[in-house]
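Trainee: Here's my sequence, what's the structure:
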Amino acid sequence: QPKRKAAFGSVGRRIPYRILHLINQDGESLGNMHRAEALKLMDQHGLKLVLLRENVEPPVYKLMTGQQIHEEQLKRAEKNKSSPKPGMCTKELSFSSAIAKNDLETKTKQIAQWIEKKHHVKVTIRQAK
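Mentor: Now for the predicted structure:
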C-alpha cells in the first residue's frame, strides 16, 4: 500500500530549514527561531509543526493540533474538487429548436456517453428561424 502524500506541507519533526518563522495555533506570530526551539515548543504543547509557506525567507510554520490539521486538509480537498482538473474535457453540443426527433435522440445518447465518461457537457439550443 503506497504512502499517501500529505495534503499540505511537512507535518512533524522533519524540518529541512535551520531558521523558521513560527505561528502558534491561535494564529499569533512567535517570530523567527531556530528549528530546535520550535521542536521544543512543539513537544511542550503536544502540537505538530506544519509548513504553510516555504517560498518566503524564512519559511513559515504553524503549530497545529491534529484536529486543526484534519480540518485544513478537508478545506483544501474541497477547494481542489471545485477547481477544474487540467485533464478535464468539456464537450459542447449545439442544435436548433426545430431539430428532428431522430437527431435529438442521437444527440441525447451522445450526451449520456460523455457524462458516463465524466466529461463536462455544455448544450446550446438555438431558436429556429
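
Trainee: which residues of this protein score low on pLDDT?
Mentor: Where the chain drops to pLDDT under 70, the residues are 1-12, 82-88.

Trainee: Now do the helices in it.
Mentor: 35-45, 66-82, 101-116 (DSSP state H).

Trainee: if we compare those, which one ends up closest to E92?
Mentor: helix 101-116 (10.2 Å; Cβ to Cβ). Placement of C-beta: from N, CA and C, glycine included.

Trainee: what helices or strands is the closest one leaning on?
Mentor: Helices and strands touching helix 101-116, by 3 or more Cβ pairs under 8 Å, 6 or more residues apart in numbering; DSSP states H and E, are strand 90-96, strand 120-126.

Trainee: closest one to K62 among the ones you listed?
Mentor: strand 120-126 (35.9 Å).

Trainee: Show residues contacting that closest one.
Mentor: Strand 120-126 is contacted from outside by 84, 88-97, 111, 114-115, using Cβ atoms under 8 Å, 6 or more residues apart in numbering.

Trainee: Could you dump the residues you listed into a markdown table with distance to H45 and neighbour count added?
Mentor: Shown next, in a markdown table, are the contacts of strand 120-126 (distance: Cβ to Cβ, whole Å; neighbours: other Cβ atoms under 10 Å):
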| residue | distance to H45 | neighbour count |
| --- | --- | --- |
| P84 | 40 | 8 |
| M88 | 42 | 10 |
| C89 | 48 | 11 |
| T90 | 48 | 10 |
| K91 | 52 | 15 |
| E92 | 54 | 9 |
| L93 | 57 | 14 |
| S94 | 60 | 10 |
| F95 | 63 | 14 |
| S96 | 67 | 12 |
| S97 | 66 | 9 |
| I111 | 55 | 15 |
| W114 | 52 | 16 |
| I115 | 50 | 12 |
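
Trainee: of the residues you listed, closest to L41?
Mentor: Looking across the contacts of strand 120-126 and measuring by Cβ to Cβ, the closest to L41 is P84, at 40.2 Å.

Trainee: sorry, back to before: which stretch among the helices of the chain is buried most, on average?
Mentor: helix 35-45 (a mean of 14; mean count of other Cβ atoms under 10 Å).

Trainee: And the helices of the chain: which comes nearest K129?
Mentor: Taking the helices of the chain one by one with Cβ to Cβ, helix 101-116 is closest: 16.8 Å.

Trainee: Okay then, goodbye and thanks.
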